[in-house]
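A.B. asks: Got a sequence here, can you model it:
(one chain, ligands or ions: 1)
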Amino acid sequence: MTTSGFDVRPTAHPTDTAIRDEILGNSGFGRYFSDHMAHIRWTADDGWHGHEVRPYGPLTLDPAAAVLHYAQEIFEGIKAYRHADGSVWTFRPEKNAARFRASARRLALPELGDDDFIGSLKALVAQDNAWVPTPASAAEETSLYLRPFMIASEKFLGVRPSKEVDYYVIASPAAAYFKGGVKPVSIWLSSNYKRAAPGGTGYAKCGGNYAASLAAQKEAEAHGCDQVAFLDAVENKWVEELGGMNLFFVYRDGRIVTPKLTGTILEGVTRDSIMQLARDEGLTPEERHISIDEWRDGAASGEISEVFACGTAAVVTPIGELVGEEERIRLAADNGGEIGKRLRTKLLDLQYGRCEDTHGWLTRLA
Ligand SMILES: *Cc1c(COP(=O)(O)O)cnc(C)c1O
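C.D. replies: Below is the predicted model:
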């Protein structure tokens with residue numbers, strides 16, 4: 001049996017329907033995984049080959065596999081949404097495919113074509129269609145979160161790009177990222193840590209960036225904050241992004257500003273989509289540098305009326321408070337956050353097929 005060029009090897013032990021339904025009814029985020037995974041192998045000699053969908057399960061890796069020592073790894077995050085008619089769709093996958101190639105180039109990994117990237121999502125979702133939750137209402141933001149990733153699997157401790165690489169896609173049913181509805185989050189402004197530096201890997205979606213952000217995240221939690229915001233590494237002045245989400249600043253006059261991409265910020269698909277939707281709503285999106293002083297002063301004067309973070313997993317999340325070593329800046333977001341809310345609803349309506357896909361952003365998976 002094959003699906004878009006993928007050999008399908010079904011599991012002999014599919015999850016019991018009752019258990020699967022229980023999981024889909026209370027999935028949280030990233031805790032449970034579907035029955036299968038997609039896999040494509042790459043070797044320097046043979047290129048990409050061995051496309052398959054196989055049972056989900058532990059990988060066998062040699063202890064000397066390069067990824068375990070030198071972190072030659074990249075990943076993506078994208079969701080599958082079930083529409084009211086039962087069909088399953090994903091959102092702008094060619095953007096993720098292109099970003100995955102940009103990440104691959106930076107980490108000296110082989111590039112995967114659009115056909116293989118999107119084909120792997122289709123093959124896995126075709127097999128695990130029953131794992132895509134059916135939202136009972138618009139308030140139930142359930143989806144199947146897809147996690148493509150690529151690892152250097154060659155058994156070799158010398159430092160050079162691996163000659164053997166494996167690409168996988170795993171799938172995890174996801175409930176709304178924040179239980180009990182969207183609540184404003186508090187942000188810790190890290191002064192001890194930087195996420196990315198010019199010439200580094202900031203624009204690549206690689207595990208190393210996340211590993212480097214965890215100490216800052218711990219610091220944030222120690223100060224009672226939910227997430228951490230990073231400033232630029234050179235001047236310690238320009239706001240960049242959170243550990244895994246991009247930032248937007250809404251001004252009273254309708255401008256909506258997001259930090260400009262300079263190589264140290266991850267180019268979010270949500271970020272790009274929000275800019276377009278803002279334009280559609282008659283707002284004026286701007287990509288430019290924004291300093292921490294502008295955030296402080298704008299929040300104090302009320303010129304900045306909302307700040308929100310965005311990304312695939314949590315969609316749009318209002319920021320209620322910015323906390324630093326010697327400061328605590330409250331933002332208007334916790335008593336409204338109207339613009340962010342409107343853009344969030346618009347984006348979700350599009351993704352779930354509840355409004356017309358005027359930008360041609362949806363791709364059918366199953
Ligand atoms: C994935 C990611 C984002 C959000 O990107 P989306 O494509 O919108 O999901 C933002 N920042 C970082 C560091 C990320 O890894």
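
A.B. asks: Could you find the closest non-adjacent residue to I40?
C.D. replies: Y167 (4.6 Å; CB to CB, 6 or more residues apart in numbering). All C-beta spots, glycine's among them, are computed from the backbone N, C-alpha and C.

A.B. asks: In its sheet, which strands sit next to the host helix or strand of the one you found, and in what direction?
C.D. replies: Counting by DSSP states H and E, the element that carries Y167 is strand 164-174. Sheet pairing of strand 164-174 (DSSP bridges) gives strand 36-43 (antiparallel), strand 143-152 (antiparallel).

A.B. asks: Give the buried residues for that strand.
C.D. replies: For strand 164-174, a neighbour-count test (16 or more other CB atoms under 10 Å) marks E164, V165, D166, Y167, Y168, V169, I170, A171, S172, P173, A174 as buried.

A.B. asks: okay if I get the residues you listed as TSV plus pLDDT and distance to L343?
C.D. replies: Shown next, in TSV, are the buried residues of strand 164-174 (pLDDT from 0 to 100; distance: CB to CB, whole Å):
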residue	pLDDT	distance to L343
E164	98	43
V165	98	38
D166	98	37
Y167	99	33
Y168	99	33
V169	99	29
I170	99	29
A171	98	27
S172	98	25
P173	98	25
A174	96	20
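
A.B. asks: Kindly indicate which of those lies nearest I274.
C.D. replies: Closest approach to I274 among the buried residues of strand 164-174 (CB to CB): A174, at 19.8 Å.

A.B. asks: Can you report how many residues lie near the residue nearest to that closest one when sequence neighbours are not counted?
C.D. replies: Excluding the flanking residues, the one nearest A174 by CB to CB, 6+ apart is Y145, at 4.3 Å. When neighbours are defined as other CB atoms under 10 Å, Y145 has 20 of them.

A.B. asks: What lies in contact with stretch 200-208?
C.D. replies: Here stretch 200-208 makes contact (CB atoms under 8 Å, 6 or more residues apart in numbering) with 71, 73-77, 99-100, 102-103, 106-107, 195-196, 209, 240, 261, 263-267.

A.B. asks: repeat that with 6 Å
C.D. replies: A71, E73, I74, F75, S103, R106, L107, A196, N209, G263, T264 (CB atoms under 6 Å, 6 or more residues apart in numbering).

A.B. asks: That stretch: end-to-end distance?
C.D. replies: From its first residue to its last, stretch 200-208 covers 11 Å (CA to CA, to the nearest Å).

A.B. asks: Is any residue of it near the ligand?
C.D. replies: Yes: contact between stretch 200-208 and the ligand, assessed by CB under 6 Å from any ligand atom, occurs at K205.

A.B. asks: can you give me the offset of that stretch from its chain's centre?
C.D. replies: 13 Å (CA atoms, centre = their mean, to the nearest Å).

A.B. asks: how close does the residue of the stretch 1-150 of the chain found nearest the ligand sit to F248?
C.D. replies: In the stretch 1-150 of the chain, the residue that lies nearest the ligand is G77 (5.4 Å; CB to the nearest ligand atom). G77 sits 19 Å away from F248, taking CB to CB, to the nearest Å as the criterion.
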